[in-house]
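Undergrad: Sequence and predicted structure below; questions after.
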Amino acid sequence: MGVSALSLTRLLGGISGFLQLASLLGLLLLFFKVVQFYLHRQWLLKAFQQFPSPPSHWLFGHKFQKDQELQQTLSWAEKFPSAFPRWFWGSRARIVIYDPDYMKVILGRSDPKAPGTYRFLAPWIGYGLLLLNEQTWFQHRRMLTPAFHYEILKPYVGIVADSVRVMLDKWGKHIDQDSPLEIFQHISLMTLDSIMKCAFSYQGSVQLDRNSQSYIKVIGDMNNLFFDRMRNAFHQNDIIYSLSSDGRSFRRACKLAHEHTDKVIRQRKAQLQDEEELEKVRRKRHLDFLDILLFAKMENGSSLSNKDLSAEVDTFMFEGHDTTASGISWIFYALATHPEHQQKCREEVQSLLGDGSSITWDHMDQMPYTTMCIKEALRLYPPVPVVVRELKTPVTFPDGRSLPKGVPVVLSFYGLHHNSKVWPNPEVYDPFRFAPDSTRHSHSFLPFSGGARNCIGKLFAMNEMKVAVALTLLRFELLPDPTRIPFLIPQLVLKSKNGIHLRLRKLH
């Protein structure tokens, strides 16, 4: 009995000692984190000392009203020339730039995408062209560039036109001009249909497929979840996030998105088992996007891994439809709210295309006024409002101000496009800013970013926008819904919190 009591005493003493050690280690870890927090904050304060901004709380940073981020950015851009620091919480901050000279400097460098921001996208789109950096990015970019050769893009005009006509036919059957239509979801399906057929050799009809509608919803959900996580201090930790309801929702959404893209890859691989299809591909001078990936050989002679293949497909499936859907939706809204410009575009398209039964590559450069209107809409509503880089070396800007290595830099294309020092009366929709004889700073208009990491599909996207605008204006008059004015919010692409609603009137 005495031995048992002695053993129990020793056991309790051991547990007590272990708990004391654990408490000590916990306190040391907490002390280390506090010191780390303090030192990093002091480093950032020193890095930003040349860039004034409104006062911020030492822990909570700058307070932005919910969904007012774009408006707040423009307000501060008026007060602080070229750039300002934005504090989120504690020692997390970025420098926001919206000056064309600053843009030119940063986009002329090879700084990587900021890992602290974009790593949250990795479970969804993997490390494809959007998230890769340095040599691996260069290899993939060089490999995929031929997929956007003009010889490849030429026949895509007809494919896109067919997808647009399917959308317009649906509108014609179900639309009452007195019942406004939320256009973003319809246009998202159309752009997904186009990219699936052009880049992935898809044979079905995405716009009539319920599974594709589920994919569009999943993309919207992941956009929301990504930005909610960015703004939640506790969700920066992967373990904490994975245990949260948002984390579980994000995992489910990723699974559904991957099922969609994996199916596309499997179907194309199955098609290439057919000798006739395989021979047709071999005879082509330039391959479509997915075929390039499937036939690609890396510098060491090996094929792309399944992981790399899936990452590029997931990346382009998202980027290839969501950005253009945003662009086209806002172009339609801009034309609906400026009927005089809409009518001039319609007259130009009518004189060029007649009834629009045939639209080709050659027509793309024969719509100057429509192109001006498209560009002005992209200025007011850039599809990708911001990108974030992390300086890998120090930088000095033309005005003499500088930043050290390691600072995250937000390139606010929305702020740039609304900068009154660059664009007089920036909120006014004026297509003549883009008249053929107009002059402007080389980095004042960046709807597709710029530099080496500009959008690889920008020509495809511009052509898709032109086809969608031209064919739509031949069939419908676009009218605004005064009861539901869009409320802009910056996500991965520029969206409206309450949707983009238009009334459509059939033209005879």
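TA: Now that the structure is in, tell me what you want to look at. Every value quoted in this text rests on a predicted model; they were computed, and no experiment measured them.
Undergrad: Excluding sequence neighbours, find me the nearest residue to residue 430.
TA: Excluding its sequence neighbours, the residue lying closest to residue 430 (CB to CB, 6 or more residues apart in numbering) is residue 376, at 6.4 Å. (C-beta placed from N, C-alpha, C; glycine too.)
Undergrad: what's the spacing between that neighbour and residue 494?
TA: Distance of residue 376 to residue 494, computed by CB to CB, to the nearest Å: 15 Å.
Undergrad: cool, and residue 288?
TA: According to CB to CB, residue 288 stands 28 Å off from residue 494.
Undergrad: Please identify the buried residues of the host helix or strand of residue 340?
TA: Per DSSP states H and E, residue 340 falls inside helix 339-353. For helix 339-353, a neighbour-count test (16 or more other CB atoms under 10 Å) marks 341, 342, 344, 345, 346, 348, 349, 353 as buried.
Undergrad: so what's the second one closest to, chain neighbours aside?
TA: Read that as residue 342. Nearest residue to residue 342, sequence neighbours excluded (CB to CB, 6+ apart): residue 335, at 4.1 Å.
Undergrad: and the one you found, how many residues sit next to it?
TA: 28 (other CB atoms under 10 Å).
Undergrad: Give me the pLDDT for it.
TA: Residue 335 carries a pLDDT value of 98.
Undergrad: Now do it against residue 246, distance only.
TA: Relative to residue 246, residue 335 is positioned 37 Å away (CB to CB).
Undergrad: just residue 49 next, same as before
TA: Counting by CB to CB - residue 49 and residue 246 are separated by 36 Å.
Undergrad: pLDDT below threshold where in the stretch 1-150 of the chain?
TA: Scanning the stretch 1-150 of the chain for pLDDT under 70 picks out 1-3, 6, 8, 11-13.
Undergrad: so where do the strands sit in it?
TA: Remark: strands assigned in the stretch 1-150 of the chain by DSSP state E, counting those that start in this stretch are 83-89, 92-97.
Undergrad: Rebuild those strands as TSV, extending it with mean neighbour count.
TA: Formatted as TSV, the strands of the stretch 1-150 of the chain follow (neighbours: other CB atoms under 10 Å):
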stretch	mean neighbour count
strand 83-89	22
strand 92-97	22
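Undergrad: would CSV of those strands with distance to residue 141 be doable?
TA: Formatted as CSV, the strands of the stretch 1-150 of the chain follow (distance: least, CB to CB, whole Å):
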stretch, distance to residue 141
strand 83-89, 28
strand 92-97, 24
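Undergrad: Phi first, then psi, for the nearest residue to residue 402 once chain neighbours are set aside.
TA: Ranked by CB to CB, 6+ apart and with sequence neighbours excluded, the top spatial neighbour of residue 402 is residue 396, at 4.2 Å. Taking degrees, to the nearest 10, you get phi -120, psi 130 for the backbone angles of residue 396.
Undergrad: What are the boundaries of the helices in the stretch 201-350 of the chain?
TA: 210-230, 238-243, 245-271, 275-283, 289-295, 306-336, 339-353 (DSSP state H, counting those that start in this stretch).
Undergrad: lowest-confidence stretch among those?
TA: helix 275-283 (a mean of 84).
Undergrad: thinking again about what came up before, and the residue nearest to residue 402, how many neighbours?
TA: Residue 396 - counted by other CB under 10 Å - has 10 other residues nearby.
Undergrad: I'd say it and residue 404 touch.
TA: No. Contact criterion CB atoms under 8 Å: residue 396 and residue 404 do not qualify, at 10.6 Å.
Undergrad: Residue 426 and residue 416, how far apart?
TA: Using CB to CB, residue 426 is found at 10 Å from residue 416.
Undergrad: Show me which of the two is the more surrounded one.
TA: Comparing residue 426 with residue 416 by other CB under 10 Å, the one with more neighbours is residue 416, at 27 against 17.
Undergrad: so what's that one up against?
TA: 98, 99, 100, 103, 422, 443, 444, 446 (CB atoms under 8 Å, 6 or more residues apart in numbering).
Undergrad: Go again with 7 Å.
TA: Residue 416 sits next to 98, 100, 103, 422, 444, 446 when contact means CB atoms under 7 Å, 6 or more residues apart in numbering.
Undergrad: Switch those over to TSV; also include neighbour count and distance to residue 231.
TA: TSV is the format used below for the contacts of residue 416 (neighbours: other CB atoms under 10 Å; distance: CB to CB, whole Å):
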residue	neighbour count	distance to residue 231
98	28	21
100	21	29
103	25	25
422	20	28
444	18	30
446	24	25
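Undergrad: of all these, which comes closest to residue 261?
TA: Residue 261 lies nearest to residue 446 out of the contacts of residue 416, by CB to CB, at 28.4 Å.
Undergrad: pLDDT wise, what is the nearest residue to the closest one once chain neighbours are set aside at?
TA: Closest residue to residue 446 apart from its sequence neighbours, by CB to CB, 6+ apart: residue 413 at 5.2 Å. pLDDT for residue 413: 98.
Undergrad: Now for residue 413, how many residues are close by?
TA: Residue 413 has 25 nearby residues by other CB under 10 Å.
Undergrad: Show the contacting residues for it.
TA: Contact analysis of residue 413 by CB under 7 Å, 6+ apart lists 382, 384, 385, 386, 446.
Undergrad: so which of the residues you listed is the most crowded?
TA: residue 382 (28 neighbours).
Undergrad: before we move on, could you check phi and psi at residue 504?
TA: Phi and psi for residue 504, reported as degrees, to the nearest 10, are phi -120, psi 130.
Undergrad: try the one 3 residues further on
TA: The phi and psi values for residue 507, taken as degrees, to the nearest 10, are phi -100, psi 140.
Undergrad: measure it to residue 339 for me?
TA: For residue 507, the distance to residue 339 (CB to CB) stands at 13 Å.
Undergrad: Residue 218 now?
TA: Distance from residue 218 to residue 339, by CB to CB: 36 Å.
Undergrad: cool, and residue 476?
TA: The gap separating residue 476 from residue 339 is 13 Å, by CB to CB.
Undergrad: Could you do residue 81 as well?
TA: Distance of residue 81 to residue 339, given as CB to CB: 37 Å.
Undergrad: Give me the angle between the longest helix along the chain and strand 83-89.
TA: Counting residues, the longest helix found in the chain (DSSP state H) is helix 2-47. Angle, helix 2-47 to strand 83-89, by axes from the mean of the first three to the mean of the last three CA atoms, to 10 degrees: 160 degrees.
Undergrad: can I get the helices of the stretch 201-350 of the chain in CSV with distance to residue 145?
TA: Rendered in CSV, the data for the helices of the stretch 201-350 of the chain read as follows (distance: least, CB to CB, whole Å):
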stretch, distance to residue 145
helix 210-230, 25
helix 238-243, 34
helix 245-271, 20
helix 275-283, 18
helix 289-295, 9
helix 306-336, 13
helix 339-353, 30
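Undergrad: Highest mean neighbour count out of those?
TA: Of the helices of the stretch 201-350 of the chain, the one with the most neighbours on average (mean count of other CB atoms under 10 Å) is helix 306-336, at a mean of 24.
Undergrad: now that helix, how far from the centre of its chain.
TA: 7 Å (CA atoms, centre = their mean, to the nearest Å).
Undergrad: Please tell me I have it right and residue 415 contacts residue 73.
TA: Yes. With contact defined as CB atoms under 7 Å, residue 415 counts as touching residue 73 (5.1 Å).
Undergrad: who wins for proximity to residue 233 among the strands of the stretch 1-150 of the chain?
TA: Distance to residue 233, taken as CB to CB, is lowest for strand 83-89 among the strands of the stretch 1-150 of the chain, at 5.0 Å.
Undergrad: Many thanks, I have nothing further to ask.
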